[in-house]
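1. coords please:
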Amino acid sequence: MQINDKSGTKNYLAADNRYDAMVYKRSGKSGVLLPAISIGLWHNFGFVDPIQNGREIIRTAFDLGITHFDLANNYGPPYGSAEENFGTIFKKDFQGYRDELFIATKAGFDMWPGPYGNLGSRKYLISSLDQSLKRLGLDYVDVFYHHRPDPDTPLEETMGALADIVRQGKALYVGISNYGPKETQKAAELLKALKVPFILHQARYSMFDRWVEDGLLDTLEEVGVGCIAFSPLAQGMLTDKYINGIPEGSRASKNMTYLNSDTVSDNIHKIQELNTIAQERGQKLSQMAIAWILRQSQVASVLVGASSANQLKDNVKALDNLEFSIEELKLIEGIIS
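-> Predicted coordinates:
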């Protein structure tokens, strides 16, 4: 919603009914409820993108009841620019709503040159979050993640850094991302001993990428930590885009990082068969793919990206039909297994 101030500038006023339709799920055994659909700012929010479009997406998200905004130190491009743009939008539109927002950032991948700008050392994690808070214009984030395992840094050091970040008031909760089941179990043990609220594991999960089902979801259930799934649409394969082949100008046609034409070609029949089931459910393929992930009790939220406000609205419609019949699940399993 927008209102005009005396100068004619459009200011943001959140929709009064923003919490009426969104589904909220508990993250593990914590006190945190997350929107079933959260928004990730990996793409479309860097300096190379129009900030007004990003602003419209974020406003639309909050009006739809999406309270969780997911960032990382190197989101952009260039690195850091998604955080800086979010900070600019936050300052203009959301300062009065800070306590209604659940904001995340991460560190673990390449960020700055030299030996201290990557992986999992105490030096890197604390320095990175300090920089992120400046870019975001925040005193704290709601959750701070270690973005990936670092095999060369003792896990005790990495988890100890996360613990101190919470004690310093720079984050309320901590999370990890891309960790396997055994690493997750050990991290949970360390953080429990340090009395640090570990509430989220961010993992890649889609109908075409089910590695979390091989032990990770069971581990998260055991340790009481929620899963938040990223890349739920398999880089666009589980959307309308590739149902009739590879369109010119698409990501797959350009053989871009994470998706190429061979991968789409290998899955095209599965995409078409899944789309038939989605249509019978009264959904788009993307909506069914999101709902399919949310059926897992351990999944607290699904992270979606968006290039426009309308695309985000379309994805949120997945919540209109979250139930699957036994027959539907059998048909889907027969296609994707």
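2. so where's the stretch 1-150 of the chain uncertain?
-> 1-9 (pLDDT under 70).
3. can you give me the strands for it?
-> With DSSP state E, counting those that start in this stretch applied, the stretch 1-150 of the chain shows strands at 2-4, 10-12, 24-26, 33-35, 37-40, 68-70, 102-107, 141-146, listed in chain order.
4. list the helices and strands the fourth one packs on?
-> Where contact means 3 or more C-beta pairs under 8 Å, 6 or more residues apart in numbering; DSSP states H and E, strand 33-35 is packed against strand 24-26, strand 299-304. Placement of C-beta: from N, CA and C, glycine included.
5. among the strands of the stretch 1-150 of the chain, which is nearest residue 290?
-> With C-beta to C-beta as the criterion, residue 290 lies closest to strand 37-40 of those, at 6.9 Å.
6. picking up where we left off before, just put the strands of the stretch 1-150 of the chain in TSV and tack on distance to residue 227 and mean neighbour count.
-> Listed next are those as TSV, based on distance: least, C-beta to C-beta, whole Å; neighbours: other C-beta atoms under 10 Å:
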stretch	distance to residue 227	mean neighbour count
strand 2-4	35	10
strand 10-12	31	13
strand 24-26	10	16
strand 33-35	11	22
strand 37-40	12	24
strand 68-70	13	26
strand 102-107	14	25
strand 141-146	13	24
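7. which one, of the ones you listed, ends up nearest to residue 287?
-> Distance to residue 287, taken as C-beta to C-beta, is lowest for strand 37-40 among the strands of the stretch 1-150 of the chain, at 10.4 Å.
8. partners of the closest one, with directions?
-> strand 68-70 (parallel), strand 299-304 (parallel) (DSSP bridges).
9. mind putting those strands into TSV with distance to residue 170?
-> Listed next are these as TSV, based on distance: least, C-beta to C-beta, whole Å:
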stretch	distance to residue 170
strand 68-70	17
strand 299-304	22
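10. re the thing from before, as TSV, the helices and strands packed on strand 33-35 with distance to residue 127 would be great.
-> Listed next are the helices and strands packed on strand 33-35 as TSV, based on distance: least, C-beta to C-beta, whole Å:
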stretch	distance to residue 127
strand 24-26	33
strand 299-304	25
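11. show me which residues of stretch 81-93 are buried.
-> 81-90, 93 (16 or more other C-beta atoms under 10 Å).
12. let's see that stretch as CSV, backbone CA atoms only.
-> Only the C-alpha atoms of stretch 81-93 are listed here, as CSV (Å, rounded to 0.1, in the frame of the first residue of the first chain):
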residue,chain,number,x,y,z
SER,A,81,25.1,-4.7,-2.9
ALA,A,82,21.9,-6.7,-2.1
GLU,A,83,22.5,-6.0,1.6
GLU,A,84,23.1,-2.3,0.8
ASN,A,85,20.0,-2.0,-1.4
PHE,A,86,17.9,-3.8,1.3
GLY,A,87,19.3,-1.3,3.8
THR,A,88,18.2,1.6,1.7
ILE,A,89,14.7,0.2,1.2
PHE,A,90,14.5,-0.7,4.9
LYS,A,91,15.4,2.9,5.9
LYS,A,92,12.7,4.4,3.6
ASP,A,93,9.9,1.9,4.2
